[in-house]
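*Asks:* requesting a structural model of the entry that follows:
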Amino acid sequence: MSGHTRRREIQDFEEYVRTRHTALLRSARRLVADPLDAQDLLQTALARTYLHWERIADKRLADAYLRRVMINTRTEWWRARKLEELPVGQLPDSSVKDSTEQHADRALLMDTMRVLTPQQRSVVVLRYWERMSTEETASALGMAPGTVKSTLYRSLARLREELQHRDPASAVAAGRDDPRDGPRPRRQRM
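*Replies:* Coordinates of the predicted model:
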């Protein structure tokens with residue numbers, strides 16, 4: 001595909017998203033209960049559709065294609081969830097779960113992501129939110145797999161540093177539970 005053709009495809013996709021975003025978000029909202037999950041679902045579906053945009057010969061069918069991607073993504077998420085409820089003989093008293101802390105964590109993460117460069121944010125989003133492999137991320141961003149790995153390593157280190165700066169107690173605990181975070185820095189003996 002020539003550079004001009006690729007640019008035209010990108011412009012077509014951007015125009016499609018601008019004109020159809022509201023209707024597509026309504027569709028996503030019908031698929032999942034939480035409005036934030038609906039936004040995540042739509043963004044995931046748009047990212048996946050973008051990768052195959054040039055394959056959609058009849059752009060009038062793009063809505064149907066994107067809705068199918070949303071349905072498949074929602075099903076994928078549903079299958080990946082962990083079983084959190086176990087059948088019991090007697091139902092316990094129900095309580096309302098307080099999600100204030102979860103929303104605060106999300107807000108902190110979104111704010112912290114702003115310290116990253118656009119390329120670093122793209123790598124983190126594709127690897128962790130989109131759950132793409134290193135190779136898929138490299139292909140989507142047009143970079144070598146080694147560059148994805150090194151960018152991800154530097155990005156996570158930068159995020160840890162920023163979280164440490166904002167909240168030293170929680171950042172240390174949160175930054176060391178995931179083996180993908182990379183090696184721990186060596187402690188100096190006194």
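
*Asks:* pull the number of nearby residues for V17.
*Replies:* 16 (other Cβ atoms under 10 Å). Glycine gets a C-beta too; all of them are placed from N, C-alpha and C.

*Asks:* excluding covalently adjacent residues, which one is nearest to it?
*Replies:* L46 (6.3 Å; Cβ to Cβ, 6 or more residues apart in numbering).

*Asks:* next: R74.
*Replies:* Spatial nearest neighbour of R74, excluding adjacent residues (Cβ to Cβ, 6+ apart): L31 at 5.0 Å.

*Asks:* L141 now?
*Replies:* S122 (5.8 Å).

*Asks:* so the one you found touches G142, yeah?
*Replies:* No. Using Cβ atoms under 8 Å, S122 is not in contact with G142, being 10.6 Å away.

*Asks:* tell me which of these two has more neighbours.
*Replies:* S122 (19 against 7).

*Asks:* the more buried one: what secondary structure?
*Replies:* At S122 the chain is in helix, as set by DSSP: H, G, I helix; E, B strand; the rest coil.

*Asks:* pLDDT value on the residue nearest to L141, please?
*Replies:* Per-residue pLDDT puts S122 at 85.

*Asks:* which residues of this structure score low on pLDDT?
*Replies:* 1-2, 82-87, 91-96, 169-190 (pLDDT under 70).

*Asks:* report the central residue of it.
*Replies:* W129 (2.3 Å; Cα atoms, centre = their mean).

*Asks:* can you list the buried residues in the helix or strand harbouring the residue nearest to V17?
*Replies:* Using DSSP states H and E, L46 maps to helix 35-51. Neighbour counts over helix 35-51 (16 or more other Cβ atoms under 10 Å) mark A38, D40, L41, L42, T44, A45, L46, A47, R48, T49, Y50 as buried.

*Asks:* please convert these to CSV, extending it with distance to T112.
*Replies:* Formatted as CSV, these follow (distance: Cβ to Cβ, whole Å):
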residue, distance to T112
A38, 23
D40, 18
L41, 23
L42, 23
T44, 21
A45, 25
L46, 23
A47, 21
R48, 25
T49, 28
Y50, 25
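
*Asks:* looking at it, the residue nearest to V17 is touching R20, isn't it?
*Replies:* No. Taking contacts as Cβ under 8 Å, L46 lies outside contact range of R20: 9.9 Å.
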